[in-house]
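[1] Give me a model of this one.
(chains A and B)
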Protein chains: 2
Amino acid sequence: MAASEASIDDRAADFFAGLQDRITDAIERIDGGGRFREDSWTRPAGGGGRTRLLADGALFEKAGVGFSDVHGQLRPEMARALPGDGADFRATGLSLIFHPRSPRIPTVHANVRHVRHGSRSWFGGGTDLTPYYVVADDAAHFHRTLRQRCDRHDPGFYPRFKRWCDEYFFLPHRNEPRGVGGLFFDYLGAGAEATAGQPAPGEQAPRENDAEAMFAFVREVGDAVLDAYLPIVERRRGDAWGERERRWQLLRRGRYVEFNLLYDRGTVFGLRTDGRVESILMSLPPEVRWEYAQAPEPGSPEAESLAAICARRDWAELGSV
Amino acid sequence: MAASEASIDDRAADFFAGLQDRITDAIERIDGGGRFREDSWTRPAGGGGRTRLLADGALFEKAGVGFSDVHGQLRPEMARALPGDGADFRATGLSLIFHPRSPRIPTVHANVRHVRHGSRSWFGGGTDLTPYYVVADDAAHFHRTLRQRCDRHDPGFYPRFKRWCDEYFFLPHRNEPRGVGGLFFDYLGAGAEATAGQPAPGEQAPRENDAEAMFAFVREVGDAVLDAYLPIVERRRGDAWGERERRWQLLRRGRYVEFNLLYDRGTVFGLRTDGRVESILMSLPPEVRWEYAQAPEPGSPEAESLAAICARRDWAELGSV
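    Residues are numbered from 1 along each chain as shown, chains lettered A, B, ... in the order given. Now for the predicted structure:
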């Protein structure tokens, strides 16, 4: 590496910061009403970030896009749980979550990140779609967009990362997936031996040890999220809904909360590395309901949507578009 | 023990089942509108319970009272984390949580339980009060009632179990207690050596190894909950509230959800022992809000309530009643 060339850590941080700008611009445009409020923050133990939150927009009840670039010392139990050595770490990334007001528009989450821990560093991330009312064409559009972008890098990526996503975004206590999935990947570029024993299904391909190639892939995923999601927003924004659909949305949002607080690794990592709480928990939906032993009536649209989610279909092969 | 005498496990189960009847009767009476619906359930791996839920009552938006008596084999990591030996366990207990509609009436939680694990068995439980608007006299009444009942058994119990409650019902990521506390205790009757290394502040008194004495204490606590709580409901049921107070209640309920899903031992124990999900999660409030970086205005009643909660006062010594 020439002395004049920035490290991959710095270039990743620059990309994530620029991606945040592009995404918040696009969301304000499509929303047509709401504006992001930005909080810049510093982490006492090292680094900082900027959290952007749009609340009570015309389309989005809550849209959060966070950039962070933090560093310092990992607690021993966190250091043991990650590839790499020593306690020094730097983690930089972008996270987004959009909770639309309409129950006809799915919630989407995405994250792209670069982590350095001692002598190892890697990329991770993914995106997943959580519809309240599943429309096969929409799920197909989301997955096909992701598959097409993955295929530019490695034809094995989409099937592997789709499966990993299905396994990760799953609520064992409910025996339910969180939604219709998408992509999930981690430890890309860390080196095959560094990921031994890590929860990565499938084989580690040698190409994945090429940090530059993995950075290119992560840029592709980051740029693909809006292409995968915004056409669905446009298709569904005019669809009618009422109290019944709203109630179902609020109940399903309860599952989202359960996943994020019981299982989500990003939440746990953030809370255990003394991250900024409001930025970590900006993923939580604005309004939520829990009703005891609530189950949709057999044959109802809600029951059909839940069944479609539980079926974990090969969405890219379905739908008419 | 004479052959004709029931085991302490069975007598504890009988007491908890009877307590459920007394509590649901009293709650229906004071609510004056809602009725409990009962679900009897069996646990495939052993035992069962009956969950009673009152929804959309006149006073209570959601009131849950669960009795359970489950047994079977603990997973190895659970077995290691508890006093006792082997994998066989039996856990019986009563849990209740009342979420009133009015933000002027506090939420209350209580649990009393008996656990046997191999050659060891013990009692645990407690109760804690979560006001949205703190009224010192109400918190004082709650704590004084508990102190008086504790003192009948051991003058050291109230100060120790009050402190344990303050330590347990605490959200480290928010640096906030859940509410104004109450009592929390565990491993009573397990034997001093069985609780070595367990997170029990203070010294283990020899008396606590007397299972019959501890059973008497747990009966006292179980019977005290309504005496500690219902007078507060009567005092506050006529107090006015509007949208502002409702919003604050929904935001504070978010903290309740965060505690129960991130930290609550009962939730974790239940989910890790394949408990009945709807019964475990009946503690979650019916309607909840999360707003990004929401903090009450300085000097407002909401800010004062939060400050009173964070001060973790010696409530039994305060208030005018």
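
[2] Show the end-to-end separation of stretch A:94-114, please.
    When the termini of stretch A:94-114 are compared using Cα to Cα, to the nearest Å, they are 9 Å apart.

[3] Quick check: residues of chain A near chain B?
    Residues of chain A lying near chain B by Cβ under 8 Å from any Cβ of the partner chain: A:39, A:51, A:53, A:55, A:62, A:64, A:173-174, A:250, A:254, A:257-258, A:261-262, A:271, A:277-278, A:280-282, A:284-293. C-betas here are computed from N, CA, C, even on glycine.

[4] So which of these are in strands?
    When the residues of chain A next to chain B are checked against strands (DSSP state E), the matches are A:Asp39, A:Thr51, A:Leu53, A:Ala55, A:Lys62, A:Gly64, A:Glu287, A:Val288, A:Arg289.

[5] Dump the residues you listed into a markdown table; add distance to B:Ile309 and pLDDT as well.
    Listed next are these as a markdown table, based on distance: Cβ to Cβ, whole Å; pLDDT from 0 to 100:
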| residue | distance to B:Ile309 | pLDDT |
| --- | --- | --- |
| A:Asp39 | 25 | 96 |
| A:Thr51 | 26 | 97 |
| A:Leu53 | 26 | 97 |
| A:Ala55 | 25 | 97 |
| A:Lys62 | 26 | 98 |
| A:Gly64 | 27 | 98 |
| A:Glu287 | 23 | 98 |
| A:Val288 | 22 | 98 |
| A:Arg289 | 25 | 98 |
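
[6] now those: which count as buried?
    Buried members of these, counted by 16 or more other Cβ atoms under 10 Å in any protein chain shown: A:Asp39, A:Thr51, A:Leu53, A:Ala55, A:Lys62, A:Gly64, A:Glu287, A:Val288, A:Arg289.

[7] give me every residue that touches the residue of the stretch 201-321 of chain A found nearest chain B.
    Nearest residue of the stretch 201-321 of chain A to chain B: A:Leu261, at 3.7 Å (Cβ to the nearest Cβ). Applying Cβ atoms under 8 Å, 6 or more residues apart in numbering or on different chains, one finds that A:Leu261 lies in contact with A:Thr267, B:Val257, B:Glu258, B:Leu261, B:Leu262.

[8] The host helix or strand of A:Gly93 pairs with which strands, and in what direction?
    If you go by DSSP states H and E, A:Gly93 is part of strand A:88-100. According to DSSP bridges, strand A:88-100 forms sheet pairs with strand A:60-73 (antiparallel), strand A:107-117 (antiparallel).

[9] how about the last one: buried residues?
    By that I understand strand A:107-117. A:Thr107, A:Val108, A:His109, A:Ala110, A:Asn111, A:Val112, A:Arg113, A:His114, A:Val115, A:Arg116, A:His117.

[10] again, but for stretch A:52-70
    A:52-55, A:57, A:59-70.

[11] for stretch A:168-186, same thing?
    Under 16+ other Cβ under 10 Å, the buried positions of stretch A:168-186 are A:168-171, A:173, A:176-186.

[12] gap between the two ends of that stretch?
    By Cα to Cα, one end of stretch A:168-186 lies 11 Å from the other end.

[13] phi, psi of A:Met78?
    Dihedral pair for A:Met78: phi -70, psi -40, per degrees, to the nearest 10.

[14] again, but for A:Asp314
    phi -90, psi 80.

[15] Report how many residues lie close to it.
    11 (other Cβ atoms under 10 Å in any protein chain shown).

[16] do the same with A:Glu304
    14.

[17] what helix or strand is it on?
    Going by DSSP H and E, A:Glu304 is in helix A:301-310.

[18] May I see the buried residues of that helix?
    A:Glu302, A:Ser305, A:Leu306, A:Ala308, A:Ile309.

[19] Contact partners for the closest residue to the last one other than its chain neighbours?
    Using Cβ to Cβ, 6 or more residues apart in numbering or on different chains and skipping the chain neighbours, the partner closest in space to A:Ile309 is A:Pro177 (5.5 Å). Going by Cβ under 8 Å, 6+ apart, A:Pro177 touches A:Asp166, A:Phe169, A:Phe170, A:Leu171, A:Ile309, A:Cys310, A:Arg312.

[20] Just to be sure, which of those residues are found in strands?
    Per DSSP E, the contacts of A:Pro177 map to strands at A:Phe170, A:Leu171.

[21] Which parts of chain A are helices?
    A:8-31, A:76-81, A:136-151, A:157-168, A:211-236, A:243-262, A:265-272, A:277-280, A:301-310 (DSSP state H).

[22] Sketch out the low-pLDDT regions of chain A for me.
    A:1-4, A:192-208, A:319-321 (pLDDT under 70).

[23] switch the cut-off to 90
    For chain A, the stretches flagged by pLDDT under 90 are A:1-6, A:78, A:81, A:190-210, A:265-266, A:268-275, A:318-321.

[24] Tell me how far stretch A:261-271 lies from the chain's centre.
    Its chain's average C-alpha position is 13 Å from that of stretch A:261-271, according to Cα atoms, centre = their mean, to the nearest Å.

[25] do the same with stretch A:96-107
    14 Å.

[26] Quick check, the residue in the stretch 1-150 of chain A closest to chain B?
    A:Leu53 (4.5 Å).

[27] Contact partners for the residue lying closest to that residue once chain neighbours are set aside?
    Distances taken as Cβ to Cβ, 6+ apart place B:Tyr292 nearest to A:Leu53, at 4.5 Å, with adjacent residues excluded. Applying Cβ under 8 Å, 6+ apart, one finds that B:Tyr292 lies in contact with A:Thr51, A:Leu53, A:Ala55, A:Lys62, A:Gly64, A:Glu278, A:Met282.

[28] And for A:Gly242, the neighbour number?
    8.

[29] Please list all residues in contact with it.
    With Cβ under 8 Å, 6+ apart, A:Gly242 has no contacts at all.

[30] Hmm, A:Trp186 is touching A:Trp122, no?
    For residue A:186 the amino acid is Asp, not Trp. Yes. A:Asp186 is within contact range of A:Trp122, at 7.2 Å (criterion: Cβ atoms under 8 Å).

[31] tell me the centre residue of chain A?
    A:Ala110 (2.5 Å; Cα atoms, centre = their mean).

[32] So what pairs up with that one in the strands?
    A:Leu96, A:Thr127.

[33] Pull the most distant pair out of the contacts of A:Leu261.
    A:Thr267 and B:Val257 (13.1 Å; Cβ to Cβ).

[34] Number of residues surrounding A:Arg75?
    12.

[35] got the phi/psi numbers for it?
    Per degrees, to the nearest 10, the backbone of A:Arg75 is at phi -60, psi 150.

[36] Show the contacting residues for it.
    A:Arg272, A:Thr273.

[37] 7 Å instead?
    A:Arg272 (Cβ atoms under 7 Å, 6 or more residues apart in numbering or on different chains).

[38] quick one: it and A:Thr273, what's the gap?
    In this view, A:Arg75 and A:Thr273 are 7 Å apart by Cβ to Cβ, to the nearest Å.

[39] which residues do these two both contact?
    Joint contacts of A:Arg75 and A:Thr273 (Cβ under 7 Å, 6+ apart) do not exist.

[40] And for the residue lying closest to A:Gly46 once chain neighbours are set aside, the neighbour number?
    Nearest non-adjacent residue to A:Gly46, counting by Cβ to Cβ, 6+ apart: A:Gly72, 3.8 Å away. Applying other Cβ under 10 Å, we find 16 residues neighbouring A:Gly72.

[41] Surely A:Gly72 and A:Gly48 touch.
    No. The criterion here is Cβ atoms under 7 Å, and A:Gly72 misses it with A:Gly48 at 11.4 Å.
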